[in-house]
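> Sequence first, predicted model second:
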Amino acid sequence: IPRWRSKRSSPLPPGPTGLPHIGNILQIDPEKPYLTFRKWRRRYGDIFFCRVWGQNTIVVSSEKIARELLDKRSSNYSDKMLVAESKAYSLDFNTAWLPYTDTWRFHRRIYHLSLRQEVVPKYRPMQLRRAYKVIEDLLEDPEGFEEHLQAHSAAIVMSVLYGYETASKKDPMVSMIETANDYIIPFGTPASMGIVKAFPFLLSIPTWLPGGKFRQAVMDGKKQVKEMLEVPYQYVVKSMKMGIAPTSMTADMLQWSEGKDDVPDDFEECLMNAGGTAFQAGADTTFTTLQGFVYRMVTNPEAQKRAQAQIDAVVGTDRLPDFEDRESLPLIEAIVRETIRAMPTVPVNLPHGVTNDDIYEGYFIPKGAIVLVSTWEILHDETRYPEPMAFKPERFLNADGSIGDDMCHLMTFGFGRRLCPGRHFALASVWSAVACMLATFNFEKAKDAQGRDIEPNPRWTPGLTSRPTDFPCRITPRFPGTAERVARARVLL
Ligand code: HEM
């Protein structure tokens, strides 16, 4: 592939040679792309160039370059590519796939009005109530922890978006959304969209031909997406008519729009789409982070004990931690940060599209390219984090035990104008669940029939988020009377 140059003849960043048409796709580890990027970073440096299905791709592995391009030059680095392809899949409802347009800006306005830092504290009682429910679920069925954390994350997000209270087991609304997710997640990756870009006939062949299975899946998926967007929205509209809708992003925005004259014509569609996006963006990510926390606790008993001792000293054993305690519990904060540093929830950031040709440090960055930030690589830089593979929450503490000012965990929420609008809410959800679980349970290795520890050897899920799964562990209450403690906390909430 010729390394083409700009008029000013600046070279593209260096990078691996690829094959015609498909580029470097076969060289990239599909499950752990950040490991391939690590190899290439060592060879080519903090900014390198590759092609994925003919898509020019710039990969950034340093915070300095990510900030320079995506934050400081954000007006040029906030677009999206594959716009026609995402439409073909009916994924163009999703904020994260929208190009840099007024529709996208209005989606961001919705999130800003309802999820900004000053607004999210109103959801704290709900977040705590949901954290108490996790304690109850773990008391009843500790082995099903993965399922409980997943249900918890979905519940908390359904509540903030729609004021919808999920039923305890297999909620019908959540199941419906998850069915749509089974379609959206595999189809929604840049690689699968790239396949359609490369072979557009896949979407037009009759369904009964062999390749037609693909087309059938897309057709079914479109129906599921439509349902996923409309049903929860209609639920809020109906609850509002009945005067029983609790506060939520959708209810607040419907109220906000009443009597306003600067509301766009497609307001309803935007609100539906913003809700659908935020469920997708928020439930799986929160679950992934909490699952990562459990794994780190099982494998790092010392860190766990120190955090529990701090909770016992600050909170005591009568009540449960609440947000008022947050500043007095620096170790909990440090554990959350280190959990995310050790395996960022989103290890490689979502693609940002380049609007106009640009030059960075003498390298040409072509219009139409996408920029990926390898967050995992930045957070495993051994010059910044010695022994990067070790779990050490104390990295984030000052010498006097107070929390330090390295907020690197925020990088897992992205950069620039596309930065995750749900981050304040998400971090509060994670904090409350982590603090409540550590106050009440020990997380230990499971034992085999001979009473020996079973070393957890999790599988890390591939995809946009990566979480440890399929590892056994033993979750036992730290004190007798935990159920009563939860019941008391519930009354006092
Ligand atoms: C631990 C939890 C979460 C993580 C790690 C996370 C991470 C991310 C990341 C990496 C992006 C892409 C940013 C970029 O392109 O630079 C993103 C975008 C987004 N997130 Fe989150 N997120 C989380 C929770 C949430 C929650 C709870 C919500 C809403 C309730 C949410 C809503 C969104 C939306 C709407 C976008 C698209 C933004 C855009 O393209 O303009 N996220 N998130």
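Alright, I've got the coordinates. Numbering: from 1, shown residues only.
> Quick check: phi and psi at L397.
Here is the backbone geometry of L397 (degrees, to the nearest 10): phi -110, psi 150.
> Please read the previous query as pertaining to R51.
Torsion angles at R51 (phi, psi; degrees, to the nearest 10) stand at phi -120, psi 140.
> any idea how far it is from the ligand?
Look at R51 and the ligand: by Cβ to the nearest ligand atom, to the nearest Å, they are 21 Å apart. For every residue, glycine as well, the C-beta is placed using N, CA and C.
> Could you do Y233 as well?
From Y233 to the ligand the distance is 15 Å (Cβ to the nearest ligand atom).
> Quick check: buried residues in the helix or strand harbouring that residue?
Secondary structure from DSSP states H and E places Y233 in helix 212-241. Within helix 212-241, the residues that count as buried by 16 or more other Cβ atoms under 10 Å are 214-215, 217-218, 221-222, 224-225, 228-229, 232-233, 235-236, 239.
> Pull up the distance across stretch 152-172, start to finish.
15 Å (Cα to Cα, to the nearest Å).
> quick one: the least confident helix or strand in the chain by mean pLDDT to chain centroid distance?
Least confident helix or strand of the chain, by mean pLDDT, DSSP states H and E, is helix 190-198 with a mean of 72. Centroid displacement of helix 190-198 relative to its chain, using Cα atoms, centre = their mean, to the nearest Å, is 22 Å.
> Sort the buried residues of helix 212-241 by pLDDT and name the bottom one.
When these are compared by pLDDT, F214 scores lowest at 81.
> Would you agree that one is in contact with F201?
No - if you go by Cβ atoms under 8 Å, F214 and F201 don't touch, sitting 10.4 Å apart.
> Counting by contacts, list what the very next helix or strand once past the helix holding Y233 packs against.
Downstream of helix 212-241, the next assigned helix or strand under DSSP H and E is helix 249-257. Where contact means 3 or more Cβ pairs under 8 Å, 6 or more residues apart in numbering; DSSP states H and E, helix 249-257 is packed against helix 102-115, helix 145-162, helix 212-241, helix 267-299.
> 6 Å - rerun?
Judged by 3 or more Cβ pairs under 6 Å, 6 or more residues apart in numbering; DSSP states H and E, helix 249-257 is in contact with helix 102-115, helix 267-299.
> Low-confidence ranges, the chain, go.
Low-confidence segments of the chain (pLDDT under 70): 1-8, 190-191, 203.
> Can you name the residues of it sitting close to the ligand?
Within the chain, the positions near the ligand by Cβ under 6 Å from any ligand atom are 95-96, 108, 111, 157, 160, 277-278, 281-282, 285-286, 289, 345-346, 349-350, 352, 412-415, 418-422, 425-426.
> separation between the most centrally placed residue in the chain and T345?
Centroid-nearest residue in the chain, with Cα atoms, centre = their mean: T285, separated by 3.4 Å. Computed as Cβ to Cβ, to the nearest Å, the T285 to T345 distance reads 5 Å.
> list the contacts for I25?
Applying Cβ atoms under 6 Å, 6 or more residues apart in numbering to I25 gives the contacts 52-53.
> L410: how many residues sit nearby?
Neighbour count of L410, defined by other Cβ atoms under 10 Å: 15.
> Hmm, I typed the wrong one, I wanted N300.
Neighbour count for N300, taken as other Cβ under 10 Å: 21.
> Next, give phi and psi for it.
Backbone torsions for N300, taken as degrees, to the nearest 10, come to phi -140, psi 70.
> Chain neighbours aside, what residue packs nearest to it?
Of all residues beyond its chain neighbours, the one nearest N300 is F391 (4.9 Å), with distances taken as Cβ to Cβ, 6 or more residues apart in numbering.
> quick one: contacts for that neighbour?
Residues near F391 by Cβ under 6 Å, 6+ apart: 296, 300, 338, 342.
> Check the secondary structure at the residue lying closest to Q27 once chain neighbours are set aside for me.
Residue nearest to Q27 in three dimensions, not counting chain neighbours: P16, with 6.2 Å by Cβ to Cβ, 6+ apart. Assigned by DSSP: H, G, I helix; E, B strand; the rest coil, the conformation of P16 is coil.
> What separation do you get for P16 and N349?
Counting by Cβ to Cβ, the gap from P16 to N349 is 20 Å.
> Between those two, tell me which one has more neighbours.
Neighbour totals were compared for P16 and N349, and N349 leads with 27 against 17 (other Cβ under 10 Å).
> For the more buried one, list the residues it contacts.
So N349 contacts 373, 375, 414 (Cβ under 6 Å, 6+ apart).
> just to revisit the earlier point, just the C-alphas of the least confident helix or strand of the chain, formatted as CSV.
The C-alpha coordinates for helix 190-198 follow below in CSV (Å, rounded to 0.1, in the frame of the first residue of the first chain):
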residue,chain,number,x,y,z
PRO,A,190,-16.3,-1.1,13.3
ALA,A,191,-15.0,-4.4,12.0
SER,A,192,-18.5,-5.8,11.1
MET,A,193,-19.6,-2.6,9.7
GLY,A,194,-16.4,-2.7,7.7
ILE,A,195,-17.5,-6.0,6.2
VAL,A,196,-20.6,-4.4,4.8
LYS,A,197,-18.6,-1.6,3.5
ALA,A,198,-16.3,-4.0,1.7
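> List of residues touching it?
53, 82, 85, 202, 351.
> which among the contacts of F391 gets closest to L69?
Nearest to L69, judged by Cβ to Cβ, of the contacts of F391 is A342 at 25.8 Å.
> what's the burial count for V434?
The burial count assigned to V434 is 24, neighbours taken as other Cβ under 10 Å.
> Just to be sure, it is in a strand?
No - V434 sits outside any strand when classified using three-state DSSP, being helix.
> Now it. Nearest residue, chain neighbours left out?
Sequence neighbours aside, F293 is the residue nearest to V434 in space, at 5.5 Å (criterion: Cβ to Cβ, 6+ apart).
> What's the local residue count around the residue nearest to L128 when sequence neighbours are not counted?
Spatial nearest neighbour of L128, excluding adjacent residues (Cβ to Cβ, 6+ apart): S432 at 5.5 Å. Neighbour count of S432, defined by other Cβ under 10 Å: 26.
> wait, what's in contact with S432?
Contacts for S432 (Cβ under 6 Å, 6+ apart) come out as 127-128, 131.
> re earlier: so what sits against both of T285 and T345?
In contact with both T285 and T345: T465, using Cβ under 6 Å, 6+ apart.
> helices or strands up against whatever helix or strand L128 lives in?
Per DSSP H and E: L128 is located in helix 124-140. Secondary-structure packing of helix 124-140 (3+ Cβ pairs under 6 Å, 6+ apart): helix 145-162, helix 423-440, helix 482-492.
> Tell me the gap between that helix and the middle of its chain.
That offset, for helix 124-140, works out to 21 Å (Cα atoms, centre = their mean).
> With stretch 89-99 instead?
16 Å.
> what's the span of it, first residue to last?
Using Cα to Cα, first and last residues of stretch 89-99 are 15 Å apart.
> Can you tell me, leaving aside adjacent residues, what's nearest to W460?
Closest residue in space to W460, ignoring its immediate chain neighbours: S466 at 5.0 Å, by Cβ to Cβ, 6+ apart.
> What of I403?
Sequence neighbours aside, P330 is the residue nearest to I403 in space, at 4.0 Å (criterion: Cβ to Cβ, 6+ apart).
> What's the local residue count around the one you found?
20.
> How many residues are close by the residue lying closest to L427 once chain neighbours are set aside?
Ranked by Cβ to Cβ, 6+ apart and with sequence neighbours excluded, the top spatial neighbour of L427 is V336, at 7.4 Å. Look at V336: counted by other Cβ under 10 Å, it has 21 neighbours.
> what's the helix or strand harbouring V336 packed up against?
Element membership of V336 [criterion: DSSP H and E] is helix 330-342. For helix 330-342, the packing partners by 3+ Cβ pairs under 6 Å, 6+ apart come out as helix 267-299, helix 301-315, helix 423-440.
> That'll do, ta.
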